[in-house]
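[1] Build me a structure from this.
(2 chains)
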Amino acid sequence: MRVVVAEDHALLRDGLTRLLTAYGLEVAEALDGTTGLPEALQRNDVDAAILDVRLPPSFTDEGLRAAIEARRTRPGFPVMVLSQYVEHLYARELLASGEGAVGYLLKDRVADAGEFVDSVRRVAAGGTVLDPEVVAALMHRRGDEPVDRLTEREREVLGLMAEGRSNAAIGHALFVTEKAVAKHINSIFTKLDLPVDVDDNRRVLAVLAWLKV
Amino acid sequence: MTSTRRSPWLATGYGLGHVLMVVPLALLVAGASLIVGLSVVGLGVLLVRPFAPALAGFAGVHRRMAASFLGRDLPKARLTRTGAGPWRQVIAWFGQRTFWQLVLWLLFAATGGLALSALAAGLPFGIIALVATAFGLWSSGEAPLWVSLLLFALGIGLAPLWWYYGDVFMRLRTHTEAAILRPDPNAVLEQRVADLTASRADTVDHSAAELRRIERDLHDGAQARLVSLGMNLGMAADLVDRDPELARQLLQEARHATGAALGDLRSVVRGIHPPVLADRGLIGAVQALALDLPLPVTVDAALPGRPAAPVESAAYFAVAECLANVVKHAGAQTAWVVIAAPKNRLRLQVGDDGRGGVRLDRGTGLAGIARRLGAFDGTMDISSPDGGPTVVTMEVPCEWSSPRTTLSSGTG
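    From the prediction side, this is the model:
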């Protein structure tokens, strides 16, 4: 898998490149800003992009804009957006830029290298990955009675589902079997009146829609 | 006279108000005559000591009435008090423009002003009296028919005069009062200096408190975590050969500590200057804020550009605090935010359909916002009857940096 990386901090850019390479991904281009970024995002030999939200020249949300623009001209192009802070508004804009193949994570998550690379792979495969902090805020905001009907464990599962994790990953995170996870998920979908869907990504989107991203 | 036309009923109401205050007016005129009369023997001057404040108070009532009738702010002209003995005080007043403005106002209020108010107030009564007399004479037959007809015609003839000129009389009076009582520019400047001194002190206090808070947050949060992180890493380095399993555990803990330290730093940064405010400006930041609240918040915003950074930041935190109050105290189903730019001002309105009863002095953080906006000459107005709804309106004078209009609206 070949990816484009755009990150203005040299340390982080090199670290990311090293990390991705160590896990078997190929970094096609590592850019320090928006110069050359639109062209890089159009390259046919690139499978996904990892972009920092803040990039020169104005250090505001160029990375986010570049991601949305790339997905407009190249629908379904997988983009993982990284940021020093996560903003619900930006998550909403990213999710609105096309179904799936999008990720939005805090830079902190890079610390868990295995989990991070796994997220990138899921996004490249068309999945949706949302930072736990965004999900927690959404759950907190939806703190109304349907959420109260869920058990503690079901709420954990719902949170992990909204982050875009697969049944196997949820089971691994909660130290339970995949079968137990499937049972929890069925129960959640019944309690929230959501249609049960076997497709992972459609399931994530249903949960996010229910959380009113 | 540029103000808009008011209804003749309103003019009559105000005129009636003036006429009903004729007793204190007469007393003041009597007082003034007494002072002038007694000043021949030198005693009158002492009477100015109680007379001037009474006159200032009475003129103040009229100034407020004029302001409300004209629908604009009429700044107060102040009689300064020296705190010295009565003689010195009176002499000081004689040297003040405001004192002579008040005297001139009394002259006007007792003559032309009273006449104008009497016209506005009396015309409807005159019309009724004339028509009633005409009917009385006609039904009793005490006078020839033409007298009744003449009185009736006179009464009806006056009606358009009242209808069309009632508010002209009152506008003439109130504009004249506004012109006479216009405060001395020097006094306005002195007042401005006093206000600025107070608001600057508030600002300095506020900044100092903010810096202390940031220092504490960093000290208790990120700094403490980095110290423990360093410790864990040091121990891991020592143990890596002897006890690799424990070293691995320590490294894992260190990784968690970095995450927690980053989280602390993020919350400190949000408190100083939210990144989304830097990215998207006031409108985007308020929309982002609205999205994160547990109730639907409608944001209607249109600005001709971005305000200066300090104003933008103060405006953002003001809206944030108001919305936090809505969530915590209002028990509201929905809330709304309107951001607009009338002339060279930034207007922020935050409303909700909650239980109301919001007051500036009930320790809900609104007083803090009002002080913070005060540093930019901003104002805060709260409308919150018990039972709701609540609308907090804040205005700050503002220069716009770019001519581009940013438009947006939506519900979150």
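[2] Correct me if wrong: B:R355 contacts B:P385.
    No - with contact defined as CB atoms under 8 Å, B:R355 does not count as touching B:P385 (10.1 Å). From N, CA and C alone the C-beta is placed, and that goes for glycine too.
[3] Which of these two has more residues huddled nearby?
    Between B:R355 and B:P385, counting by other CB atoms under 10 Å in any protein chain shown, B:R355 is the more crowded of the two (16 against 10).
[4] which SS class is the more buried one?
    With DSSP: H, G, I helix; E, B strand; the rest coil as the basis, B:R355 sits in coil.
[5] next one: B:F376
    State at B:F376, reduced to three classes by three-state DSSP: coil.
[6] which stretch of helix or strand covers the residue lying closest to it once chain neighbours are set aside?
    Leaving aside its sequence neighbours, B:F376 sits nearest to B:V396 (CB to CB, 6 or more residues apart in numbering or on different chains; 4.9 Å). Using DSSP states H and E, B:V396 sits within strand B:390-397.
[7] and that strand, how far out from the chain's middle?
    8 Å (CA atoms, centre = their mean, to the nearest Å).
[8] That one: partners in the sheet, and parallel or antiparallel?
    Next to strand B:390-397 in the sheet, as set by DSSP bridges, lie strand B:345-352 (antiparallel), strand B:379-383 (antiparallel).
[9] Next, the contact list for the residue nearest to B:F376, please.
    If you count contacts by CB atoms under 8 Å, 6 or more residues apart in numbering or on different chains, B:V396 has them with B:307, B:311, B:314-315, B:345-346, B:348, B:373, B:376-378.
[10] and these, which are buried?
    Buried by 16 or more other CB atoms under 10 Å in any protein chain shown: B:307, B:311, B:314-315, B:346, B:348, B:373, B:376, B:378, out of the contacts of B:V396.
[11] Looking at those residues, which one is closest to chain A?
    Comparing the buried ones among the contacts of B:V396 against chain A with CB to the nearest CB places B:P307 closest, at 16.5 Å.
[12] list the contacts for the residue nearest to that closest one when sequence neighbours are not counted?
    Computed as CB to CB, 6+ apart, the closest residue to B:P307 that is not its neighbour in sequence is B:C398, at 4.8 Å. Applying CB under 8 Å, 6+ apart to B:C398 gives the contacts B:307-308, B:311, B:341, B:344-346.
[13] From chain A, how far off is B:C398?
    Note on B:C398: its distance to chain A, by CB to the nearest CB, to the nearest Å, is 21 Å.
[14] ditto for B:D217
    For B:D217 relative to chain A (CB to the nearest CB), the value is 16 Å.
[15] Beyond the helix or strand hosting that residue, next helix or strand please.
    Taking DSSP H and E as the criterion, B:D217 maps to helix B:185-218. Using DSSP H and E, the helix or strand that follows helix B:185-218 in sequence is helix B:224-239.
[16] Can you give the distance of that next one from its chain's centre?
    Worked out by CA atoms, centre = their mean, helix B:224-239 lies 56 Å from the chain centre.
[17] Run the angle between that helix and helix B:185-218 for me.
    For helix B:224-239 against helix B:185-218, the angle by axes from the mean of the first three to the mean of the last three CA atoms, to 10 degrees is 20 degrees.
[18] List the buried residues in the helix or strand that helix B:224-239 is followed by.
    The element immediately downstream of helix B:224-239 (helix or strand, assigned by DSSP H and E) is helix B:244-272. For helix B:244-272, the neighbour count (16+ other CB under 10 Å) marks B:247, B:250-251, B:253-255, B:257, B:260-266, B:268 as buried.
[19] out of those residues, who's near chain A?
    Among those, the residues that sit close to chain A (CB under 8 Å from any CB of the partner chain) are B:255, B:262-263, B:266.
[20] could these go into a markdown table alongside distance to B:V168?
    Output for those, formatted as a markdown table (distance: CB to CB, whole Å):
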| residue | distance to B:V168 |
| --- | --- |
| B:R255 | 80 |
| B:L262 | 70 |
| B:G263 | 68 |
| B:R266 | 64 |
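[21] For the residue of the stretch 101-250 of chain B found nearest chain A, which non-adjacent residue is spatially closest?
    Closest approach between the stretch 101-250 of chain B and chain A, counting by CB to the nearest CB: B:L229, at 11.8 Å. Closest residue to B:L229 apart from its sequence neighbours, by CB to CB, 6+ apart: B:A257 at 4.2 Å.
[22] tell me the contacts of the one you found?
    B:225-226, B:228-229, B:232.
[23] redo that, cut-off 7 Å
    B:225, B:228-229, B:232 (CB atoms under 7 Å, 6 or more residues apart in numbering or on different chains).
[24] now do A:V27
    Contact partners of A:V27, counting by CB under 7 Å, 6+ apart, are A:3, A:5, A:17, A:20-21.
[25] and it, what element?
    Going by DSSP H and E, A:V27 is in strand A:26-31.
[26] CA atoms of that strand as CSV?
    Output in CSV follows, covering the C-alpha atoms of strand A:26-31 (Å, rounded to 0.1, in the frame of the first residue of the first chain):
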residue,chain,number,x,y,z
GLU,A,26,5.2,2.6,1.4
VAL,A,27,5.4,6.3,1.7
ALA,A,28,5.1,7.7,-1.8
GLU,A,29,5.6,11.3,-0.8
ALA,A,30,6.1,13.1,2.5
LEU,A,31,5.2,16.8,2.2
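[27] Buried residues of it, list them for me.
    Neighbour-count burial for strand A:26-31, counted by 16+ other CB under 10 Å, picks out A:27-31.
[28] What about the contacts of B:C398, which are in strands?
    Under the assignment DSSP state E, these contribute B:345-346 to strands.
[29] okay, who's weakest in the contacts of B:C398 by pLDDT?
    Least confident of these in the model: B:N344, at 85.
[30] where does that residue sit relative to B:P397, distance-wise?
    Separation of B:N344 from B:P397 (CB to CB, to the nearest Å): 6 Å.
[31] show me where pLDDT drops low in the chain?
    Using chain A here. For chain A, the stretches with pLDDT under 70 are A:143-145, A:198.
[32] other chain: chain B
    By pLDDT under 70, the low-scoring segments of chain B are B:1-4, B:363-364, B:402-412.
[33] tell me which parts of it are close to chain A?
    Neighbours of chain A within chain B, by CB under 7 Å from any CB of the partner chain: B:255, B:258-259, B:262, B:266, B:275-276, B:278-280, B:287-288, B:291-292, B:294.
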